[in-house]
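# dropping a prediction and its sequence here:
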Amino acid sequence: MKTGSYDLNSKEWRATSPEVRDLITKLMEFDYNKRLSANEALDHPWIQKKVKSHFNAEMATAALSNLNNFTASEKLKQAAITFMTTHLATKQERMYLMQSFQQFDVNGDGKIELDEFVTAY
């Protein structure tokens, strides 16, 4: 791959459709100026055909449910960390943590946004 040479004529690849091989060839283009972007790849006929013909509403619903559960588990983690810092840390440790947090939280909203983190770091 580093040299830009690969073989899509092997036994495994011959079992795939010409559209798949076309997509893979365009994605593995050695010259990055000629290589498909992510958006171009999503617009490729093979992807479009698969998306339209294989959309599984049940799987999509399950994926969204999993995402909601992940968010809920993140909130649980936040609650556990808050509990540990407020109940298990000494007063001096809590003051140090609060000062460190406030250095990052430039706008004082109680959250550290990515831009605040990057600026402080």
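In hand now; what should we look at?

# pLDDT value on residue 56, please?
Looking at residue 56, its pLDDT reads 70.

# could you shift the numbering so residue one becomes 9, and keep it that way?
Fine by me, first position is 9 from now on; the one you just mentioned is residue 64.

# so it versus residue 54, what's the distance?
18 Å (C-beta to C-beta, to the nearest Å). For every residue, glycine as well, the C-beta is placed using N, CA and C.

# the more surrounded of those two?
Here residue 64 and residue 54 are compared on neighbour count by other C-beta atoms under 10 Å; more neighbours surround residue 54, at 17 against 9.

# what strand or helix carries that one?
In this structure, residue 54 is located in helix 53-61 according to DSSP states H and E.

# how does the chain divide into domains?
19-61, 82-128 (automatic domain parsing).

# kindly present these as CSV, with separate columns for mean pLDDT and distance to residue 70.
Output for the domains of the chain, formatted as CSV (pLDDT from 0 to 100; distance: least, C-beta to C-beta, whole Å):
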stretch, mean pLDDT, distance to residue 70
domain 19-61, 84, 17
domain 82-128, 84, 19
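
# which residue sits closest to residue 21, ignoring its sequence neighbours?
Closest residue to residue 21 apart from its sequence neighbours, by C-beta to C-beta, 6 or more residues apart in numbering: residue 29 at 6.3 Å.

# residue 43 too?
Leaving aside its sequence neighbours, residue 43 sits nearest to residue 37 (C-beta to C-beta, 6+ apart; 4.0 Å).

# same question, residue 28
residue 54 (5.6 Å).

# look at residue 37 and give its secondary structure.
The local conformation at residue 37, judged by DSSP: H, G, I helix; E, B strand; the rest coil, is coil.

# residue 48 is in contact with that one, correct?
No: with contact defined as C-beta atoms under 8 Å, residue 37 does not count as touching residue 48 (11.0 Å).

# give me the phi and psi angles of residue 106.
Dihedral pair for residue 106: phi -60, psi -40, per degrees, to the nearest 10.

# what's the local residue count around it?
So residue 106, with other C-beta under 10 Å, has 12 neighbours.
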